[in-house]
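S.K.: sequence plus predicted model, see below.
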Amino acid sequence: MEPFIQPPARQSYRSVLLFQSHSHAGFVPSSPDVPAAFIQCVETGMPAMMTVPRFCNWFQAMAWNAAHYLKFGAERTRPACDLVDRIQIESPRRIVDIGCGPGNSTQVLRARWPEAEIVGLDNSAEMIEAARERYPEQEWLLADAATWSSAKPFDVVFSNAALQWLPDHAALAARLFDLVAPSGALAIQIPSYSRLPVRMHIHEISEDAAWSHRMAAARSMLTMESPEFYYDVLAPRAERMDVWETEYFHVMPDAGAIVDWISSTGLRPFLDALEHDVDRERFVDMLRARVADSYRKRRDGRVLFPFRRLFVIAYRGDL
């Protein structure tokens, strides 16, 4: 059995990973920081014992229909794999996955620590229903991370691409760290795309006179702070920290796929703010035109979609 990946601890690093969108032929990315310890895709079912790299390859071969979010499930799950690989805790007993969605990140945790008690938490009834349908034997909790708490601490408090939907990250990060047991860790990943061209286009289009008056809440929906911000909040409480950014270059079939990608995440609050379908269609058409101009085709006709993510791990001391 392959050992779990345990990269050496570093205070910060940057790496560039390349992905093939919608590939179910066994193509798996690698980098000097993430060894290529992948095997042939498992076509049916997840083995009871699986290393994190094996799971990531298995997940890429899966064909889910739970929600539009999972159209790019393999790409969205890769950061969870990278974050789990860097957590330097050997045998956590209790783990919570905050913002677990349909359960893909929770399976990464289960692959690394199959003996742990793992709870998947999300505030979306649709996502929890999808997780329960796919993994009925596992524990799922419908709750709002903004107010949820637990009387019993967790050895790993984990969140992959979820906290950006919550405000006041100074208070949030401190509160989540308070849920960490002695010798445990808070491990989070947050998209870092405030200057991403597609996001800038969304905000520009939201200023259109036809609907600008409806967009104030959507423009302030996401919270994404700097690496220094999270370090300053957590370093006084933590025994040690690991902070880094990774920029993933996703290979997309065309520029329209970038709009499809973001339509279930960053674009969603803007479309929800519009009253009529005709306005939503116009908004998306305007966005597709601008994205096509910003993300040019490569020689093979496909498009590269750079996407940067911030990772933070804060370790609690023994107390």
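M.R.: Arrived safely, thanks for sending.

S.K.: A218 contacts G266, doesn't it?
M.R.: No - checked against CB atoms under 8 Å, the pair A218 and G266 is beyond contact range at 9.6 Å. Backbone N, C-alpha and C define where each C-beta goes, glycine included.

S.K.: what's the distance between the closest residue to R237 other than its chain neighbours and A238?
M.R.: In space, R237 comes closest to F177 once its chain neighbours are excluded; the distance is 5.5 Å by CB to CB, 6 or more residues apart in numbering. F177 sits 7 Å away from A238 when distances are taken as CB to CB, to the nearest Å.

S.K.: surely the residue nearest to R237 is within a helix?
M.R.: Yes - assigned with DSSP: H, G, I helix; E, B strand; the rest coil, F177 falls within a helix.

S.K.: tell me where the stretch 51-200 of the chain is predicted with low confidence.
M.R.: Residue ranges of the stretch 51-200 of the chain with pLDDT under 70: 51-73.

S.K.: how about the strands in the stretch 201-319 of the chain?
M.R.: Ranges of strands in the stretch 201-319 of the chain, per DSSP state E, counting those that start in this stretch, are 240-252, 303-315.

S.K.: in what helix or strand does E115 lie?
M.R.: Using DSSP states H and E, E115 falls within no helix or strand.

S.K.: determine the longest helix present in the protein.
M.R.: helix 277-294 (DSSP state H).

S.K.: now do it: which elements does it pack against?
M.R.: Helices and strands touching helix 277-294, by 3 or more CB pairs under 8 Å, 6 or more residues apart in numbering; DSSP states H and E, are helix 197-206, helix 255-263, helix 268-273.

S.K.: what are the buried residues along that helix?
M.R.: Neighbour counts over helix 277-294 (16 or more other CB atoms under 10 Å) mark D279, R280, R282, F283, V284, L287, R288, R290, V291, A292 as buried.

S.K.: give the burial count for the residue nearest to R237, as a bare number.
M.R.: 19 (other CB atoms under 10 Å).

S.K.: measure R290 to V303 for me?
M.R.: Applying CB to CB, the value for R290 to V303 is 14 Å.

S.K.: again but with I190, I slipped
M.R.: From I190 to V303 the distance is 24 Å (CB to CB).

S.K.: all strands for the stretch 1-150 of the chain, in order.
M.R.: Under DSSP E, counting those that start in this stretch, the stretch 1-150 of the chain gives strands at 16-20, 94-98, 117-122, 139-142.

S.K.: tell me which residues are up against the third one.
M.R.: Looking back up the chat, that one is strand 117-122. The contact list for strand 117-122, computed with CB atoms under 8 Å, 6 or more residues apart in numbering, reads 93-101, 103, 106, 109-110, 128, 131, 138-143, 145, 148, 162.

S.K.: just the buried ones from those?
M.R.: Applying 16+ other CB under 10 Å to the contacts of strand 117-122 flags 94-101, 103, 106, 109-110, 128, 131, 138, 140-143, 145, 148, 162 as buried.

S.K.: what sits against the nearest residue to L166 once chain neighbours are set aside?
M.R.: Spatial nearest neighbour of L166, chain neighbours left out: A146 (5.2 Å); criterion: CB to CB, 6+ apart. Taking CB under 8 Å, 6+ apart, we find A146 in contact with N123, L166, P167, L172.
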